[in-house]
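A.B. asks: Have a look at this prediction, sequence included:
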Amino acid sequence: MRRAAFKIALMGAASLSLALSAVPVAAQVTPQDNQTLIASVEQGAPRMAKVAHQIWEYAEVGYQETKSSALLQSELKSAGFKVEAGVAGMPTAFVASFKTGDGPVIAILAEFDALPGLAQEAKAERAPIPGQIAGHACGHHLFGAASVAAAQSLAAWMKANNVAGEIRVYGTPAEEGGSGKVYMVREGLFDDVDATLHWHPSDGNSAAQSVSLANISGKFRFAGASAHASAAPFRGRSALDGVEIMNVSVNYLREHIPDGTRIHYVVTDGGTAPNVVPDKAEVYYYVRHTDPQVVRDVFARMQKAAEGAALASETTVSFEQTGGVYNMLVNDTLGKVMDQALREAGPPVWTAEEKAFAEAMTAQLPAGNRARPASEIGPYAIGGGGGGSTDVADVSWVTPTAGMGAATWVPGTPAHSWQAVAAGGMSIGSKGAEVAAKTIALAGARLLREPQLIEAAKAELNERRGADFTYEAMVGDRAPPLDYRKSAKSGD
């Protein structure tokens, strides 16, 4: 991808503003439509909470979400959706469709993978679940359940009001480092989608549209020769030495890469016993930046560091890329639709019991954590950025895409923490998910009623990404890494 295209993605071009100002404004969905959709989500909220909690208990990691995916598929089938499972070479991926006639195709994303190492009970103090390693520290159990609930309410509303169009739920596995959506985009499953809506659990409520970081991740595997570490160390060639020399090289590299680049790693295999020279070792790396080309360039230099480390340690090294995503391409047109829908849905209202839980949890949070109260909705903005990456970004380069965050965690809670697992496993989490389901249902209905908004969003997408853009997956032509979490245990 050209740098010029990336710069366009961050610019509010004057030509874009003029083009959007010329789009005629049509009547919004009626207040009755909104009331119907909100009431529908509220009626289904107990079931949504039950589904979310079941997935929370499953705690299945990327590409192993067999039960979680099957549960969401069952919920959609019961609402009249046609489901195609196992798409794009991923057994747990699916596309569910509800079509009432020719009209806009609205996609709703649904995630459901957990994170290894974060099992936690729904308590305000650290309480790991015995025998379980994985936990929903990013709230994807809520993500999937609320997206399905929104789609169910939209489908019922479309049928009752003779609204032509199609709602599709994309069941997307392995967002956490497995890049599941990338393979669906690469397969062309979003090619005929007119607009894509998504959400994410958070510690606040906001429809601000933020830029994410492009990312490449992968595992460097060194192979050497075993030997007795004391009796005959000279006979061995340490694969762990290769890993450690590579890590030193990469750490020196940090001084000579573009500002804003993030490099982080973990040694996933360093041997089994100190008195054995390890004949195999593995290190797992991520590289991030707002520009995908910078990510590609830095990763290529890291591969040279790995080759040098293998030469220095007289070992060999191989590399497996496990993931790769673009930066998020924001869409102001859809973002404003989402923001209005969020304000119509309103923030969650917490009970006295939930407030007490939040107060107890706040005492467990790192010092200095502050966030907007969960009873508020943050101001709308576009173009700000966080430090994370997501495979939603690849979707945003092929179809207009907008998301929002709902308060499913105690204010100040960091994602990927046991505190997020705890709040996501009780009513604080499900109440936030209900807000998200209402927001997506309201936004989807408005796009179906006002297709001129979709045309404006498409014009904005084309302006931001460049007219000559052609999608090329950051993962290249590799197959989905279905075993990238093979060493992680789920909640079984």
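C.D. replies: Yes, it's here.
A.B. asks: And the longest helix seen in the chain, how far out from the chain middle?
C.D. replies: Using DSSP state H, we find that the single longest helix of the chain is helix 31-58. Relative to its parent chain, helix 31-58 has a centroid offset of 21 Å by Cα atoms, centre = their mean, to the nearest Å.
A.B. asks: and what of stretch 419-433?
C.D. replies: Centroid displacement of stretch 419-433 relative to its chain, using Cα atoms, centre = their mean, is 17 Å.
A.B. asks: Kindly report the same for stretch 321-339.
C.D. replies: Relative to its parent chain, stretch 321-339 has a centroid offset of 10 Å by Cα atoms, centre = their mean.
A.B. asks: The chain should start at 42 in everything you say after this.
C.D. replies: All set: I'll call the first residue 42, so the last point we hit is now stretch 362-380.
A.B. asks: Now do that stretch, average pLDDT.
C.D. replies: Averaging pLDDT along stretch 362-380 yields 95.
A.B. asks: for the longest helix of the chain, which positions count as buried?
C.D. replies: Within helix 72-99, the residues that count as buried by 16 or more other Cβ atoms under 10 Å are 74-75, 77-79, 81-82, 85-86, 89-90, 92-94, 96-99. Where you see a C-beta, it was placed from the backbone N, CA and C, and this is true even at glycine.
A.B. asks: next structured bit after that helix?
C.D. replies: For helix 72-99, the following helix or strand on the C-terminal side (DSSP states H and E) is helix 107-119.
A.B. asks: So for that next one, what gets flagged as buried?
C.D. replies: Lys108, Ser109, Ser110, Leu112, Leu113, Gln114, Glu116, Leu117.
A.B. asks: what is the orientation angle of the longest helix of the chain with helix 107-119?
C.D. replies: 150 degrees (axes from the mean of the first three to the mean of the last three Cα atoms, to 10 degrees).
A.B. asks: which helices and strands sit right next to helix 72-99?
C.D. replies: helix 107-119, helix 181-202, helix 373-386, helix 468-490 (3 or more Cβ pairs under 8 Å, 6 or more residues apart in numbering; DSSP states H and E).
A.B. asks: show me what contacts the spatially closest residue to Gly470 that is not a sequence neighbour?
C.D. replies: Counting by Cβ to Cβ, 6 or more residues apart in numbering, Gly470 lies nearest to Thr449, which is 4.4 Å off, once chain neighbours are set aside. Applying Cβ atoms under 8 Å, 6 or more residues apart in numbering to Thr449 gives the contacts Gly180, Leu183, Pro242, Ser243, Ala464, Gly465, Ile469, Gly470, Ser471, Lys472, Gly473, Ala474.
A.B. asks: quick one, what contacts the last one?
C.D. replies: This means Ala474. By Cβ under 8 Å, 6+ apart, Ala474 lies in contact with Met89, Ala90, Ala93, Leu183, Phe184, Ala186, Ala187, Ala190, Pro242, Ala447, Thr449.
A.B. asks: out of these, who's nearest Val390?
C.D. replies: Closest approach to Val390 among the contacts of Ala474 (Cβ to Cβ): Ala447, at 13.0 Å.
A.B. asks: Enumerate the beta-bridge partners assigned to that closest one.
C.D. replies: Pro242 (DSSP bridges).
A.B. asks: That one against Ser243, yeah?
C.D. replies: Yes - using Cβ atoms under 8 Å, Ala447 is in contact with Ser243, at 6.3 Å.
A.B. asks: what about those two, which has more around it?
C.D. replies: Comparing Ala447 with Ser243 by other Cβ atoms under 10 Å, the one with more neighbours is Ala447, at 35 against 24.
A.B. asks: Now do the contacts for the more buried one.
C.D. replies: By Cβ under 8 Å, 6+ apart, Ala447 lies in contact with Ala187, Trp240, His241, Pro242, Ser243, Asn246, Pro389, Gly473, Ala474, Val476, Ala477, Thr480.
A.B. asks: Please give me every residue in contact with the last one.
C.D. replies: Neighbour list for Thr480: Ala191, Trp240, Ala248, Met379, Ala382, Leu383, Ala386, Met445, Ala447 [criterion: Cβ under 8 Å, 6+ apart].
A.B. asks: Skip the chain neighbours and tell me the closest residue to the first one.
C.D. replies: Setting aside the residues directly before and after it, Ala191 is nearest to Ile481 in space (Cβ to Cβ, 6+ apart), at 3.9 Å.
A.B. asks: one step back: farthest pair in the contacts of Ala447?
C.D. replies: Spatial extent of those (Cβ to Cβ) is set by the pair His241 and Pro389 at 15.2 Å.
A.B. asks: still on that earlier bit, out of the helices and strands packed on helix 72-99, flag the one nearest Asn316.
C.D. replies: Nearest of those (Cβ to Cβ): helix 107-119, 40.1 Å.
A.B. asks: Run the angle between that closest one and helix 181-202 for me.
C.D. replies: Going by the same axes, to 10 degrees, helix 107-119 makes 10 degrees with helix 181-202.
A.B. asks: residues making contact with helix 107-119?
C.D. replies: For helix 107-119, contacts defined as Cβ under 8 Å, 6+ apart pick out 88, 92, 95-96, 99, 101, 124, 126, 132-135, 137, 151, 153-154, 182, 185-186, 189, 192-193, 210, 212, 214.
A.B. asks: Could you give me the ChimeraX syntax to select whichever of those residues are buried?
C.D. replies: In ChimeraX, this line selects whichever of the contacts of helix 107-119 come out buried by 16+ other Cβ under 10 Å:
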select :92,96,99,101,132,133,134,135,137,151,153,154,182,185,186,189,192,193,210,212,214
